[in-house]
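**Student:** Here is my input; please provide its structure:
(one chain, ligands or ions: 1)
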Amino acid sequence: MKHLKAVNKYLWKYRLRFFAGILFICASNYFAVLAPEITGYVINKVQEMLPNGKPASVNPSQFALINNFFAWVDQFDYGKIVVISSLVILLLAVIRGVMMFFMRQTMIVMSRHIEYDQKNEVYDHYQKLDAGFYKMHSTGDLMNRMAEDVSRVRFYTGPAIMHLVNLVSIIAFCLFNMFGKDVKLSLLTLAPLPVLAVTIYFVNSIIHKKSEVVQAKLSDITTTAQESYSGIRVIKSFVQEKSMINFFRINNDAYRTNAISLAKIESVFFPTTAMIVGLSTLLTIFIGSMMILNNSSSIGVVVEFVMYINMLIFPFTAIGWVANMIQRASASQKRLNEFLETQPEIEDKPGTINADINADIRFDKVSFTYKNTGIKALDHLSLDIRKGEKVLVLGKTGSGKTTLAQLLLHFYEPDEGKILIDNTNINNIRLSHLRDHISYVPQDVFLFSDTVYNNIAFGLKESPTVQQVENAAKLAGIHNEILSLDNGYQTRVGERGVTLSGGQKQRISIARALIKKPELMIFDDCLSAVDAKTENIIINNLNTVLGDKTAIIITHRIFTVFDFSKIIVLDEGRIIEQGSHAALIKNNGYYAELYNKQVMQA
Ligand SMILES: Nc1ncnc2c1ncn2[C@@H]1O[C@H](COP(=O)(O)OP(=O)(O)OP(=O)(O)O)[C@@H](O)[C@H]1O
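**Tutor:** Residues are numbered from 1 along each chain as shown. Presented below is the predicted three-dimensional model:
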């Protein structure tokens, strides 16, 4: 329960709806408990009219309103009493209906507002968390917390609170009336209800546990099916269709077994509840009849009690259900709190500034180890890049090239050493300011399920002109291919849109970086899926576009068409070669070896 304290701030934010909701619930139950009293009164009147009938001695109602009504209606004859009472019962039902409408309008609408706020809160927090966090948590886990956990918490702020207040108030009103009328009859007829509540609570827990297992199994088969669709080419080329079908069947079998077991429990549970309800009514009639025969109660009061007992059954059965809902919401809120309380390791510290970024870069003995794997990706690396320089970063796979780029973007923080831009430590530069001045084309290109146009324009503060978007696409060597798509720049890509080739995606993401025109551009092996001819065109274009901008180009291949100011070769997080093309060829090391291989292949 303590975890749910986190939603109190929202209950307070929507306090008007919350308190109005409580008021409507109490009002609806107040009007609900008046009807049995009037029914009992009318029945006693009927009995009084029978031959040898005498007035029943009944304790007055607990409510002044109803006592005043009886005093007033008593002046009329029997026929009028029945008609007026019936109309009043009808009126009470209408008022109750209206109150219930407002109760849902306040409480359930409040829970939807809270759900909306909470989704925003979680999403905002996700945006603040750093790359390290995302490496540690799967997308499925993040999505679940955002969708399922938030909706379970909504069950607490909406239906659970509403039913809780409802059952507390209806139980209070009924007991107040019942004990006021007849203490002995109340004690005897109410005795089975707590047993009913406890039993239902336990059976409900079993049902919930079983439905969770069913949900988990369902999610297993969905994942298996989803992976089979996305990986269908791999499955077919490895001739694994049969084993995939078997794997799916195993998951589906597990789902069926659990779903059937749940259905069995439910099919016993609901009839049993109905039977207990019937037995309670029967018990009330039986005990009531005995008391009428002993002249210690009246028919009207017994009928009134039968109605109260029927009113109480649902709240008593709901105790277990509501308790389960609260428990589940609490578990979900606990999971949400875990994330919401996670502070990003990389965030703006006090005193960070919007420093000038002209892109003189210095790596000063920088070392970095990935915490999750313990791999040392950079080892006392020192590097100077002057404004306007174009630097080629080469190295075997895993040598630390991407890490170098991501440290510069401040995705991670060095364990040792410092990174300076124009003599300011990047730890002192506001994150958004730093990243605004850098265009980064990552190795694993990502396009949003949106139009090609919007994908290129993504991240710009102001909407670009069509001309600007097309220019960027031309420089990235993709303009003509975009025009040949059915809807040109308005073609949707990704999910349910056109599927682009790896090379096309890479070039769209280059266009996205070029349109931003920042001080520093980092291209991380982003031409790997492009053929040599297109690669040459793009590199040539870059030569013109980059102008006096600083650029870091990470690659596995050597580009001879481009005149790099500096080439650095990384190995195991250290610079092993550094210099101009000519100097490195002369050096006869890794670079010369790679160059010779490339020349031979050409
Ligand atoms: N997120 C990560 N968590 C843990 N270890 C990582 C992570 N990213 C990279 N590494 C490890 O750090 C080392 C350097 O990786 P990095 O991606 O910087 O190399 P790279 O030179 O860019 O490789 P490639 O050319 O294959 O892209 C590698 O050994 C890699 O396994």
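**Student:** My guess is residue 379 contacts residue 369. True?
**Tutor:** No - with contact defined as Cβ atoms under 8 Å, residue 379 and residue 369 do not form a contacting pair (9.1 Å). All C-beta spots, glycine's among them, are computed from the backbone N, C-alpha and C.
**Student:** Within range of the ligand, give me the residues from the stretch 351-500 of the chain.
**Tutor:** Counting by Cβ under 6 Å from any ligand atom, the stretch 351-500 of the chain comes close to the ligand at 370, 372-373, 375, 377, 395, 397-403, 443.
**Student:** let's see it at 8 Å
**Tutor:** 370, 372-373, 375-378, 395-406, 443 (Cβ under 8 Å from any ligand atom).
**Student:** What about those residues, which are in helices?
**Tutor:** 401-406 (DSSP state H).
**Student:** Now the buried members of the residues of the stretch 351-500 of the chain next to the ligand.
**Tutor:** By neighbour count, with 16 or more other Cβ atoms under 10 Å, those hold 376-378, 395, 399-406 as buried.
**Student:** And these, which is closest to residue 548?
**Tutor:** The closest of those to residue 548 turns out to be residue 405 (Cβ to Cβ; 20.6 Å).
**Student:** pLDDT weak spots in the stretch 1-150 of the chain?
**Tutor:** 53 (pLDDT under 70).
**Student:** excluding its backbone neighbours, what's nearest the residue of it found nearest the ligand?
**Tutor:** The ligand sits closest to residue 135 of the stretch 1-150 of the chain, with a gap of 4.7 Å, by Cβ to the nearest ligand atom. If the residues on either side of it in the chain are set aside, residue 135 comes closest to residue 372, at 5.9 Å by Cβ to Cβ, 6 or more residues apart in numbering.
**Student:** For that neighbour, give its distance to residue 137.
**Tutor:** 11 Å (Cβ to Cβ, to the nearest Å).
**Student:** How about residue 237?
**Tutor:** For residue 237 relative to residue 137 (Cβ to Cβ), the value is 32 Å.
**Student:** Those two: who's more crowded?
**Tutor:** residue 137 (14 against 8; other Cβ atoms under 10 Å).
**Student:** buried ones in stretch 256-269?
**Tutor:** In stretch 256-269, counting by 16+ other Cβ under 10 Å, buried: 258-259, 262, 269.
**Student:** Relative to residue 522, which of these is nearest.
**Tutor:** residue 258 (50.0 Å).
**Student:** What segments of the stretch 451-600 of the chain are strands?
**Tutor:** In the stretch 451-600 of the chain, the strands defined using DSSP state E, counting those that start in this stretch lie at 520-524, 550-554, 566-571, 574-579.
**Student:** Can I get the third one in PDB, CA atoms only?
**Tutor:** What follows is strand 566-571 as a C-alpha-only set of coordinates in PDB (Å, rounded to 0.1, in the frame of the first residue of the first chain):
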ATOM      1  CA  LYS A 566      43.900  13.900 -39.700                       C
ATOM      2  CA  ILE A 567      43.500  10.200 -39.600                       C
ATOM      3  CA  ILE A 568      43.500   8.300 -36.300                       C
ATOM      4  CA  VAL A 569      43.600   4.600 -35.900                       C
ATOM      5  CA  LEU A 570      42.200   3.100 -32.700                       C
ATOM      6  CA  ASP A 571      43.000  -0.300 -31.200                       C
END
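**Student:** is that strand anywhere near the ligand?
**Tutor:** Yes - using Cβ under 8 Å from any ligand atom, we find that strand 566-571 touches the ligand at residue 570.
**Student:** interface residues of the protein facing the ligand?
**Tutor:** Residues of the chain lying close to the ligand by Cβ under 8 Å from any ligand atom are 131-132, 135, 370, 372-373, 375-378, 395-406, 443, 524-525, 554, 556, 570, 573.
**Student:** what about the closest residue to residue 323 other than its chain neighbours, neighbour count?
**Tutor:** Closest residue in space to residue 323, ignoring its immediate chain neighbours: residue 201 at 6.1 Å, by Cβ to Cβ, 6+ apart. Taking other Cβ under 10 Å as the criterion, the count of residues near residue 201 is 16.
**Student:** Tell me the pLDDT of residue 201.
**Tutor:** For residue 201, the pLDDT comes out at 80.
**Student:** got a list of what it touches?
**Tutor:** Residues in contact with residue 201 (Cβ atoms under 8 Å, 6 or more residues apart in numbering) are 319-320, 323-324.
**Student:** So which of these sit within strands?
**Tutor:** Assignment to strands by DSSP state E places none of the contacts of residue 201 there.
**Student:** Just the ones of those in helices?
**Tutor:** Those of the contacts of residue 201 lying in helices (DSSP H): 319-320, 323-324.
**Student:** which one of the residues you listed sits closest to residue 411?
**Tutor:** Using Cβ to Cβ, the ones in helices among the contacts of residue 201 come closest to residue 411 at residue 324, 42.3 Å.
**Student:** Just confirm the closest one contacts residue 203, I think it does.
**Tutor:** No - using Cβ under 8 Å, residue 324 is not in contact with residue 203; the gap is 10.5 Å.
**Student:** Quick check: next helix or strand after the helix or strand that residue 30 is a member of?
**Tutor:** According to DSSP states H and E, residue 30 maps onto helix 15-49. Downstream of helix 15-49, the first helix or strand assigned by DSSP H and E is helix 64-73.
**Student:** Next, the angle helix 15-49 makes with that following helix.
**Tutor:** Orientation check (axes from the mean of the first three to the mean of the last three Cα atoms, to 10 degrees): helix 64-73 against helix 15-49 gives 30 degrees.
**Student:** list the buried ones in helix 64-73?
**Tutor:** For helix 64-73, by 16+ other Cβ under 10 Å, it's 66, 69-70, 73.
**Student:** Go ahead and confirm residue 414 touches residue 366.
**Tutor:** Yes - using Cβ under 8 Å, residue 414 is in contact with residue 366, at 4.6 Å.
**Student:** follow-up on the earlier one: what are the phi and psi values at the residue nearest to residue 135?
**Tutor:** phi -70, psi -30 (degrees, to the nearest 10).
**Student:** Next: the one 3 residues further on.
**Tutor:** Its backbone dihedrals place residue 375 at phi -80, psi 130, with angles given as degrees, to the nearest 10.
**Student:** that older thread, can you name the two of the buried ones among the residues of the stretch 351-500 of the chain next to the ligand that are farthest apart?
**Tutor:** 376 and 405 (17.0 Å).
**Student:** ok, and for the helix or strand containing residue 209, which residues are buried?
**Tutor:** Element membership of residue 209 [criterion: DSSP H and E] is helix 192-230. Neighbour-count burial for helix 192-230 flags 192-193, 196-197, 199-201, 203-204, 207-208, 210, 213-214, 217, 220-221, 224, 228 (criterion: 16+ other Cβ under 10 Å).
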